[in-house]
Every structure is written in C-alpha cells, then in structure tokens.
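Participant: sequence plus the predicted model coming up.
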Amino acid sequence: MKTLEKVLLATDFSGSSDYAVSWAIDIGKKFNSEVVLLHVISKDYDLSLVTNMVRKAAMDQLGILREKFELANVKTIQPIIRIGKICDVIVQVAEEQDVNSIIMGSGEKNDRDRFQLGTTTEKVIRKADVPVWVIKNHDHNKIERILCPVDFSDSSRRALKNAIHLSRKFGAHLYV
C-alpha cells in the first residue's frame, strides 16, 4: 500500500510547526516515508533584498530541520523554498512531488479563539487533493483512536483502507 511513502512537511518555523516536525519524524520512521521539507515565502515580500534575506534565513532553518530528520534516520530530499501565495504553493508542491499526505501545524491560535485553524491551514485542507494532517499546538501524543466515517462511496472505501492501515501501524482502535 502506498500510504505515506512520501509526505510533505510545510513549515513556517513557528511553534505550531515545531509540533508538526515531531509528528513528521515519527511518521517517517513508522512508515519509512520520505519527507519533503517546504517553506513558502509570502509573495508580500516583493523586494529582492528582503526576499534574499528571508530565503537565506529559511534555508538555514530548513537545514537544521533536515539534520533532525537525518539524526532520526528519516529520509528527506533537498529542502524546497518557494515564493508565492502560501496555500497555493503548498498544494502545488504537493502535486509536483506526488506526495501521499501533507503535514502542517494548525496555526498560531490560542484556546480562546473561535476557530482553531489558521487561515492558511484551512485553505490547504480545502484545496489539497491528498489528506492533510493538521497537528494541534500541544505535546506529541500517541494515536490511540481513529474515526473513519463512511458513506459507501469509492472515496470512502479508500479512506477506510487507509484508516485500517494506519490503525495497524499505530496500534490504534478503529471506529467506523
């Protein structure tokens, strides 16, 4: 089964992304996944001097992340930095790299916010053709329960196959 053989980790180097890094390392180990590291520089940074400074800083941070993955024996490819509308670029790179899933933080929200997802995360979920794992801003927890709603469609059957595979890998209870 091709589940999670290649995943995309979209990072903005925030605290929220730090949690996603931890999950991506675990997923990479558990599924022997190759992880694509991506940082998108907002197209709002249009000045070439600012863009070059941000690009260098981002590449340095991606290098540090790549070392974390290598120390954990998780494969990565050369980190990717792109400039553009963040959600669109994440979806585009996911398609170009033919990933099975996108992993990203939930965004910098606090518990009192009405909506718990950042706008970029929400947009990626809506636009992506692959599953998006959204990592909430809290310590890394073991996956113990998986809920897979079904409506008997072809998409639902694929989701159920993936849920069965995930529940076996994580030793989690599956609720259908």
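Facilitator: Sure thing, it's come through. Every value quoted in this text rests on a predicted model; they were computed, and no experiment measured them.
Participant: where do the helices sit along this protein?
Facilitator: For the chain, the helices defined by DSSP state H occupy 15-31, 48-71, 86-96, 119-127, 154-170.
Participant: let's have those helices in TSV, adding mean pLDDT.
Facilitator: Listed next are these as TSV, based on pLDDT from 0 to 100:
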stretch	mean pLDDT
helix 15-31	89
helix 48-71	87
helix 86-96	96
helix 119-127	91
helix 154-170	87
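Participant: right, and those - which one's nearest Leu37?
Facilitator: Nearest of those to Leu37, taken as CB to CB: helix 48-71 at 5.3 Å. In short, each C-beta sits where N, CA and C put it, glycine included.
Participant: so what does that closest one touch, helix or strand wise?
Facilitator: Using 3 or more CB pairs under 8 Å, 6 or more residues apart in numbering; DSSP states H and E, the elements in contact with helix 48-71 are helix 15-31, strand 34-42, strand 75-76, strand 80-84.
Participant: for Val124, which of those is the nearest?
Facilitator: strand 34-42 (10.5 Å).
Participant: before we move on, the earlier item: out of the helices of the chain, nearest to Ile77?
Facilitator: Across the helices of the chain, closest to Ile77 is helix 48-71 (CB to CB), at 9.3 Å.
Participant: burial measure for Leu62, as a count.
Facilitator: As a burial measure, Leu62 scores 21 neighbours (other CB atoms under 10 Å).
Participant: swap that for Lys85, sorry
Facilitator: Other residues near Lys85 come to 15 when the count uses other CB under 10 Å.
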